[in-house]
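[1] Sequence first, then the predicted structure:
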Amino acid sequence: MKLNELRDNPGAAQKKKRVARGPGSGKGKTAGRGIKGQKSRSGVAIGGYEGGQMPLYQRLPKRGFNKPNQKKYAVINLGILQKFIDAKKLTGDITEDSLVEAGVVRRKLDGVRVLAKGDFTAKANITVTGASKSAIEAVEKAGGKLTTTAAAAE
């Protein structure tokens with residue numbers, strides 16, 4: 001088989017039906033739009049309207065709730081923290097401000113939260129808004145201390 005011998009399967013590609021091109025086309029005169037009425041005019045889109053029946057988007061149940069005042073934390077993993085410590089970009093006591101300065105997180109948002117993904121071997125004192133239990137354990141296992149300032153810290 002050569003490139004010039006490639007063909008579509010029979011019936012795979014059909015020509016577009018050209019509407020309003022005379023009575024012989026099978027879609028002449030009103031072009032399948034019926035007679036008069038809003039839908040026969042151009043520029044009409046009645047999206048979601050079902051002729052007075054309750055529309056589908058209103059019949060479906062609504063679920064869930066989003067807190068309007070929920071806190072958004074900047075999240076950092078211990079593995080990334082270790083990389084920055086190895087690269088000497090973070091030294092001494094690690095605070096949220098030092099994380100922003102070093103470029104570990106872009107901005108603090110409502111605080112910085114530390115999660116336990118990755119390996120952590122540095123002996124460091126870290127003070128952040130929140131941390132997972134496993135992250136606190138990992139830092140203490142490495143010989144450091146992770147302090148959370150949030151009242152509702154896990």
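    Looks like it came in fine.

[2] what about residue 94, neighbour count?
    Taking other CB atoms under 10 Å as the neighbour definition, residue 94 ends up with a count of 24. C-betas here are computed from N, CA, C, even on glycine.

[3] host element of the nearest residue to it once chain neighbours are set aside?
    Once flanking residues are discounted, residue 94 sits nearest to residue 126: 4.5 Å by CB to CB, 6 or more residues apart in numbering. Here residue 126 is covered by strand 125-128, with elements defined by DSSP states H and E.

[4] so where do the helices sit in the protein?
    Chain-ordered helices for the chain, with DSSP state H as the definition, fall at 56-59, 78-86, 96-102, 133-141.

[5] Please tabulate those helices in TSV and include distance to residue 69 as additional columns.
    As requested, the helices of the chain are arranged in TSV below (distance: least, CB to CB, whole Å):
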stretch	distance to residue 69
helix 56-59	28
helix 78-86	29
helix 96-102	21
helix 133-141	25
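
[6] Adding distance to residue 30 and mean neighbour count, write those helices out as TSV.
    Supplementary listing: the helices of the chain in TSV, determined by distance: least, CB to CB, whole Å; neighbours: other CB atoms under 10 Å:
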stretch	distance to residue 30	mean neighbour count
helix 56-59	29	9
helix 78-86	65	18
helix 96-102	66	16
helix 133-141	69	17
